[in-house]
Each structure stands twice: as C-alpha cells, then as structure tokens.
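Asker: for reference, the sequence and a predicted model appear below.
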Amino acid sequence: MPHFNSCPPQLNSLTSDTRKSNPHPAVPENSTKRKVKQKLRFEALGLSDRRLKILDSVGYEKPTPIQAGLIPLVLEGMDLIGQARTGTGKTAAFGIPIVEMLEAEKKQNANGDGGGQKGSRHPKAIILVPTRELCLQVTQEIQRLSGAEVEEPGDDPQESNDKNSARNSKKQKNKAHSDSVKSVAIYGGKSIRWQINRLRDGADIVVGTPGRVIDHLQRATLQVDNIQFVVLDEADRMLDIGFRPDIERIFRMLPEERQSLLLSATLPPPILEIAKRFMFQPKLINFSAQSVAADTIDQFYFTVREDQKDKLLIDLLDRESPSQAIVFCRTRLGTQRLYRKLLKTEKYQDARAIHGDMTQPNRDKVMASFRKGTTRILVATDVVGRGIDVSHVSHIINFDIPELSDDYVHRVGRTGRMGREGVAYSLVTPLQRSSLQQIEKRINKELILDTLEGYETADVKVRKPARGKSKRYRRGL
Ligand code: AMP
C-alpha cells in the first residue's frame, strides 16, 4: 500500500491518533506502550540497558519534554511531526529511538534471526539537515548516543592527503564498538572520496545535507533501498534555503515501507504539503513554547545610526564582557568586514568569523574552537543561525537585525540553551523600525530599549520603551 497521498489534507487531521503497526519487530510492542509522559525518567521509556548506560555516561539524567513525548511514539513506529526549536534536545528525541531499533535489529541479524537480508550493509536511516555545521553536530550526537567513536572534523582527510584517507578510515572502523550502529556525515565541502569509503564500509545511519545526498545517489555510492527511517530535521530551514526539490526527489527514491519523522520550529503550509505527500498519517506534536523566544533570554535593542554601529558594538562588548558571544551580520562581506575591525582592537583580537565564503575545513575549525570555548567572540552570518548547539553562549548580538523574523528567533535560540540564561541585543537603525515591529509580533513580546552613553537614541518604535524596563535601562547604563 503506498504511503504517499494517504495523509488527510487538514492540519487537524495530522493530529489524529491513527497508528501504524510496528514495522520494527526487533522492538517488542508492549515495551513501548506504557504511559510514560509524566514519568520523566529514561528508564520509563522502554530503552535497553545498554542505552541507559550510554545516556548515563553522556550525562543525560532525564529526558527533556520532547524526548519524553517523542521517544515512545517513535518506538511504536508512528510517523511524527514534532514542532520544536533547537536547544530542546530534539536530536536525541529522534536519535535515541532510531539507534535503539537499529541496534536491536543488528543484534538479531548477528544471531542469525534476521533472514540474512540482502544489501544489509546499505543504510537503514537517513537524516536530512539544512547546513554542514548541523550535519556534523547531529552525526556526533548520534555517534555519542550509539556508543560509537565520535567523528572530528579533522577525520576527513581532505585537509591532509589521500594516503591518510585510507588510514583514517581504517582507524575509524577499528575504534567503533562492535554493537554500535555506524553513522556517517555526508555534506558538501568535504572529500567525497572519504565519504564514499565510509559508505562502502557500511553505514547504518546517514546524516546528510540534501545537495550532497543527491550527489551520492547520482553516483550510486549511496543506496537507499534499505531505508527504514527518514528524518527531516529543521524542515522549515531546509525549505527556506531552497532544498524542497532535492527533498522531494530523495523522498521519491525511498522505500514506501518506512517511518518518517519531521522536526521543524515552524509549520508553514509547504511543510504540511510535504507531510501530506510523503508521510503516513503523521501525528503532530507541538513542543514549541507559547512564546517562541525562550523565557530565559532577556531581549534588548539599541537604536543607533548606521555609522555608529561598529563603535557601539565594541562599547557593548566592553560593558557586557560576554563569556561567549555570537555577533550576527546579514552578509558575508559585512561579517568579514566586522571581523577585521575587531581584529584591529586590542581586546577582541581573538574574535573569529564564520560565513559561507570560507572553506568547509576552515568553518569546521572555527566551530570546533568556538565549541571548546577557545574562541569567545564569533562574528557570523545566519550559517550558524539555526540548529547549532554551543551550550555556553551568553550573548547574541544582532549587529544587523535580520530581515526575516524567523531568523531572529533562531539566532536568539543560540543562547539560553537547555534552560541556561542568555541575553540578546539587536542594533536597530531608524530605517529598520518595521523589521523590529515584525520581530516583536512574531515573538509576541516587546524588546526592551537599552542605551549606552554617547549614543543618540532615535525612537524607532514611535512609542515609549516597553513595559518592565530592563535593569540596565533603569541603571541608566
Ligand atoms: P538539540 O536540541 O538536539 O540541539 O540539543 C541541545 C543540547 O542538549 C545538546 O548539547 C545535547 O547534547 C543536550 N541534551 C539533549 N538531551 C539532553 C538531556 N536529556 N539531558 C541533558 N542534555 C541533553
């Protein structure tokens, strides 16, 4: 029976409770049907002892709400749409049950109960993500959750040479625990040869950006005939950057008997169309908070003339001394310009930049040093606006206010992760009044006017500063 076109058109009907039978016999049905939503413990989710040990070793004490909600339903074999922003633990929400089921299947096959499936070295799960950075991040998280060796950007020998390629590939192969589900990241800007070798070695889970996935499909270096799970992560972002044709093309090549999961911060009509065409009676679960920008994030704005922005930024950094900050610019050129400007200062010479004009190895290096905390100030385009998880970002500074209010939500979501506190500042020029208002409408919250001595405050909102003035405002800083 085809999966396609079988989902009713209305959003409400997506929430229907219709269940598919469990397509993964390796997971006993009754182990997952317990009522677990209220019991916020991993033990209550019907996971294997091995998984519980791994979760303990990576320091996950209890499931986040999206994990408590999604894991049992994924284990039941349902197609799901999870509305959630990043920083909520959504990668593990789909990663844990997929790894769990593939591992159980692997074990069964090793015991000779799997019927010696043809092409069993072909991937069983494919996770599509919008950006290269997210691709590596999701792969690493899945590898951690599988108890496998975690891939580092430098494992790709494009930066070294091809002799090392085979050596590194072997090293990687030897390191993995024999029970571990194997995952591989395939994304543009990295050596395709290395990826081909990894796929040839046998990968259970492929995490990829749509363009590079299509490339491998065309070369027949990626086989999707055994795919049982497909995940669209950050689906709204993927559509924003024009991946819809690639996504549809990939979906059309996948086996009809599969489980499909879609994660997205927002659910605009094109996402629902994709769900309708390619998912089987998906259940919609909304994990987005009432207010889209996290409650733990204080959000301020400055009004400033365009020609004063550089100076204001430096004064703001001086005032705030952020432990880690991302300074968002709208364009690659603007990012590079501001980065060079910071390099000329005494205090911010260790700032780094990341944008789409940089080579992938360089982007990876910058991200790695930001994750480690070696880099304190990162000047970035929206290339890191979505999905990127760096736990300790204390400050988000919108040097350029984003054109799309969704981008604002995603940028600000880089701080205040996993309930930590964060603060966001936006520099708004008098001409950007309407962008600011759109953002406030989108987040259903007013940004608070902040000031710094020596800067004229143009009233871009044509109204009084927001209710509940900031502490900083009251202190007159
Ligand atoms: P994500 O929303 O998937 O980007 O995850 C955000 C961060 O939360 C990542 O650093 C995860 O490693 C971390 N994380 C996910 N689940 C848990 C959990 N149950 N307990 C603690 N940290 C978690």
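Answerer: Yep, it's here. Given the structure is predicted, the values throughout are model-derived calculations rather than measurements.

Asker: mind listing the strands for the protein?
Answerer: For the chain, strands defined by DSSP state E occupy the ranges 80-83, 125-128, 183-186, 205-208, 229-232, 259-264, 283-286, 297-303, 325-328, 352-354, 377-380, 395-398, 422-428, 448-449.

Asker: is the fifth one anywhere near the ligand?
Answerer: No. Residues of strand 229-232 contacting the ligand under Cβ under 6 Å from any ligand atom: none, with a closest distance of 11.9 Å. (Glycine included, C-beta is placed from N, CA and C.)

Asker: coming back round to it: so can I have JSON lines of the strands of the chain showing mean pLDDT, distance to residue 60 and mean neighbour count?
Answerer: Shown next, in JSON lines, are the strands of the chain (pLDDT from 0 to 100; distance: least, Cβ to Cβ, whole Å; neighbours: other Cβ atoms under 10 Å):
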{"stretch": "strand 80-83", "mean pLDDT": "94", "distance to residue 60": "18", "mean neighbour count": "24"}
{"stretch": "strand 125-128", "mean pLDDT": "98", "distance to residue 60": "19", "mean neighbour count": "26"}
{"stretch": "strand 183-186", "mean pLDDT": "96", "distance to residue 60": "18", "mean neighbour count": "28"}
{"stretch": "strand 205-208", "mean pLDDT": "98", "distance to residue 60": "19", "mean neighbour count": "28"}
{"stretch": "strand 229-232", "mean pLDDT": "98", "distance to residue 60": "19", "mean neighbour count": "25"}
{"stretch": "strand 259-264", "mean pLDDT": "96", "distance to residue 60": "18", "mean neighbour count": "26"}
{"stretch": "strand 283-286", "mean pLDDT": "88", "distance to residue 60": "20", "mean neighbour count": "16"}
{"stretch": "strand 297-303", "mean pLDDT": "89", "distance to residue 60": "23", "mean neighbour count": "22"}
{"stretch": "strand 325-328", "mean pLDDT": "95", "distance to residue 60": "25", "mean neighbour count": "26"}
{"stretch": "strand 352-354", "mean pLDDT": "95", "distance to residue 60": "28", "mean neighbour count": "24"}
{"stretch": "strand 377-380", "mean pLDDT": "95", "distance to residue 60": "26", "mean neighbour count": "25"}
{"stretch": "strand 395-398", "mean pLDDT": "94", "distance to residue 60": "25", "mean neighbour count": "24"}
{"stretch": "strand 422-428", "mean pLDDT": "91", "distance to residue 60": "21", "mean neighbour count": "24"}
{"stretch": "strand 448-449", "mean pLDDT": "88", "distance to residue 60": "34", "mean neighbour count": "20"}
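
Asker: would you turn those strands into CSV with distance to residue 89?
Answerer: Formatted as CSV, the strands of the chain follow (distance: least, Cβ to Cβ, whole Å):
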stretch, distance to residue 89
strand 80-83, 11
strand 125-128, 16
strand 183-186, 18
strand 205-208, 17
strand 229-232, 15
strand 259-264, 11
strand 283-286, 14
strand 297-303, 17
strand 325-328, 21
strand 352-354, 24
strand 377-380, 23
strand 395-398, 20
strand 422-428, 17
strand 448-449, 29
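
Asker: could I get the full set of helices for the stretch 151-300 of the chain?
Answerer: Remark: helices assigned in the stretch 151-300 of the chain by DSSP state H, counting those that start in this stretch are 162-175, 192-201, 210-219, 235-240, 244-253, 269-278.

Asker: contacts only, for the closest residue to the ligand within the stretch 101-250 of the chain.
Answerer: For the stretch 101-250 of the chain, the residue closest to the ligand is residue 141, as judged by Cβ to the nearest ligand atom, at 5.9 Å. Listed by Cβ atoms under 8 Å, 6 or more residues apart in numbering, the contact partners of residue 141 are 91, 92, 95.

Asker: can we see that at 10 Å?
Answerer: 58, 89, 91, 92, 95, 96, 150, 183, 207, 389 (Cβ atoms under 10 Å, 6 or more residues apart in numbering).

Asker: and the least confident of those residues?
Answerer: When these are compared by pLDDT, residue 389 scores lowest at 66.

Asker: tell me, how many residues neighbour residue 110?
Answerer: Residue 110: 11 surrounding residues under other Cβ atoms under 10 Å.

Asker: in this structure residue 78 contacts residue 261, no?
Answerer: Yes. Taking contacts as Cβ atoms under 10 Å, residue 78 lies within contact range of residue 261: 8.9 Å.

Asker: export the helices of the stretch 151-300 of the chain to CSV and tack on mean neighbour count, distance to residue 337 and mean pLDDT?
Answerer: Formatted as CSV, the helices of the stretch 151-300 of the chain follow (neighbours: other Cβ atoms under 10 Å; distance: least, Cβ to Cβ, whole Å; pLDDT from 0 to 100):
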stretch, mean neighbour count, distance to residue 337, mean pLDDT
helix 162-175, 14, 36, 44
helix 192-201, 18, 33, 94
helix 210-219, 18, 28, 97
helix 235-240, 23, 25, 90
helix 244-253, 16, 32, 96
helix 269-278, 18, 34, 93
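
Asker: which residues are common contacts for residue 78 and residue 261?
Answerer: Here residue 78 and residue 261 have 70, 279, 282 as joint contacts, going by Cβ under 10 Å, 6+ apart.

Asker: relative to residue 233, how far out is the closest residue to the first one other than its chain neighbours?
Answerer: Using Cβ to Cβ, 6 or more residues apart in numbering and skipping the chain neighbours, the partner closest in space to residue 70 is residue 93 (4.2 Å). Between residue 93 and residue 233 the computed distance is 11 Å (Cβ to Cβ, to the nearest Å).

Asker: now do the shared contacts for those two.
Answerer: With Cβ under 10 Å, 6+ apart as the test, residue 93 and residue 233 both reach 82, 261, 263.

Asker: can you pull out the low-pLDDT segments for this protein?
Answerer: Applying pLDDT under 70 to the chain flags the ranges 1-40, 113-119, 154-179, 289-296, 385-389, 391, 416-421, 456-477.

Asker: domain ranges for it?
Answerer: According to automatic domain parsing, the chain comprises the domains 16-286, 297-449.

Asker: could you dump those to TSV with distance to residue 455?
Answerer: Shown next, in TSV, are those (distance: least, Cβ to Cβ, whole Å):
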stretch	distance to residue 455
domain 16-286	32
domain 297-449	6
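
Asker: wait, residue 191 sits on residue 185?
Answerer: No. If you go by Cβ under 10 Å, residue 191 and residue 185 don't touch, sitting 11.8 Å apart.

Asker: just the helices in the stretch 1-150 of the chain please.
Answerer: So, for the stretch 1-150 of the chain - with DSSP H, counting those that start in this stretch - the helices run 11-14, 49-57, 65-75, 90-110, 132-146.

Asker: would you reformat these as TSV and include distance to residue 341?
Answerer: Below are the helices of the stretch 1-150 of the chain laid out as TSV (distance: least, Cβ to Cβ, whole Å):
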stretch	distance to residue 341
helix 11-14	47
helix 49-57	43
helix 65-75	40
helix 90-110	35
helix 132-146	24
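
Asker: of all the ones you listed, which lies closest to residue 338?
Answerer: Among the helices of the stretch 1-150 of the chain, the nearest to residue 338 by Cβ to Cβ is helix 132-146 (19.7 Å).
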